[in-house]
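>>> this one's sequence-less:
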Ligand code: SAM
């Protein structure tokens, strides 16, 4: 008799968002695999659940999957949870689940909250077609390269972001998508300081600059897709390319183009870097 692994979503902030089914499954399994055992122990204690915890994170998943499949093949039932939201969504578990599927071990999802769908459902951005991009690279040039690939994406784009990278990412996005592109930043979803900040990139960045205490917590960034309308930025790309071909320094190009088109030099600077 083979066991089963349940993939159980947990709250992204508000503990009342746990589902009845999640509680039922977590109470009946033999063990629970989680990222951070101390963090998950507190969550489970809140619901009066006391089960053996197995730590499964990015660094031990390859080796732990062998141990877990052996338990499941012996008929045990287990659950996988992450620190918050739906496991495998920018969280560990992919290697384990694909390995279990390849080896015909049952895997059953127990759906619940995920920050990307929670943000999208209330952002007022087009929801008919969207793409989830997870976290952007931390290094500026890599981030710009990743965004460059999305420059003409017509679907709504969803990103995860941490507080210490939010402003840099918004600035890189503005340089690639243009300052007029619409964006919504959803902050601290389901928590006390939940907030949606919407507008074009220039307006949203300005609001965060004026309220520096907003740059705390967890964020989902939702960017509208390319509408096909030529932006001011695409207008100045031509001049940037000519000046780059003359081997002028990035700073000087940003100053010339910023002055000529009356656009913020910082936004042009990022754009020049991405076109370089
Ligand atoms: N598995 C989770 C899910 O289903 O959403 C995502 C885990 S990922 C490691 C953590 C990121 O999700 C955060 O950096 C943030 O971008 C986003 N996130 C998670 N909880 C959030 C919340 N309450 N408000 C806004 N963003 C959140």
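Cool, got the structure. What you are looking at is a predicted structure, and each value in this text was computed from that prediction instead of being measured.
>>> Cross-check the contact I'm expecting between residue 235 and residue 263.
No - using Cβ atoms under 8 Å, residue 235 is not in contact with residue 263, being 9.7 Å away. C-beta: built from backbone N, CA, C; applies to glycine.
>>> Which of those two has more residues huddled nearby?
Per other Cβ atoms under 10 Å, whichever of residue 235 and residue 263 has more neighbours is residue 263, with 20 against 12.
>>> Distance check, that one against residue 253.
Distance of residue 263 to residue 253, computed by Cβ to Cβ, to the nearest Å: 13 Å.
>>> neighbours of the one residue in the chain that gets nearest to the ligand, just the number please.
In the chain, the residue that lies nearest the ligand is residue 85 (2.6 Å; Cβ to the nearest ligand atom). Residue 85 sits with 24 neighbouring residues when counted by other Cβ under 10 Å.
>>> mind listing what it touches?
9, 10, 11, 12, 91, 112, 113, 114, 115 (Cβ atoms under 8 Å, 6 or more residues apart in numbering).
>>> Please apply the same query to residue 97.
Going by Cβ under 8 Å, 6+ apart, residue 97 touches 5, 7, 80, 88, 107.
>>> Mind checking which of those are in strands?
Per DSSP state E, strands hold the following members of the contacts of residue 97: 5, 7, 80, 107.
>>> most neighbours, which of the contacts of residue 97?
Among the contacts of residue 97, residue 80 has the most neighbours (other Cβ under 10 Å), with 26 neighbours.
>>> Mind putting the ones in strands among the contacts of residue 97 into a markdown table with pLDDT?
Output for the ones in strands among the contacts of residue 97, formatted as a markdown table (pLDDT from 0 to 100):
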| residue | pLDDT |
| --- | --- |
| 5 | 98 |
| 7 | 98 |
| 80 | 98 |
| 107 | 98 |
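>>> if I look at the residue lying closest to residue 189 once chain neighbours are set aside, how far off is residue 187?
Excluding the flanking residues, the one nearest residue 189 by Cβ to Cβ, 6 or more residues apart in numbering is residue 118, at 5.0 Å. According to Cβ to Cβ, residue 118 and residue 187 sit 12 Å apart.
>>> Of these two, which one has the most company?
Just comparing residue 118 and residue 187: by other Cβ under 10 Å the higher neighbour count belongs to residue 187, 23 against 19.
>>> all strands of this protein, in order?
Assigned by DSSP E, the chain shows strands spanning 4-8, 31-34, 53-55, 77-80, 106-110, 130-135, 156-161, 182-187, 195-200, 219-223.
>>> What residues are bridge-paired with the residue of the chain closest to the ligand?
Legend: beta-bridge partners of residue 85 under DSSP bridges are residue 10.
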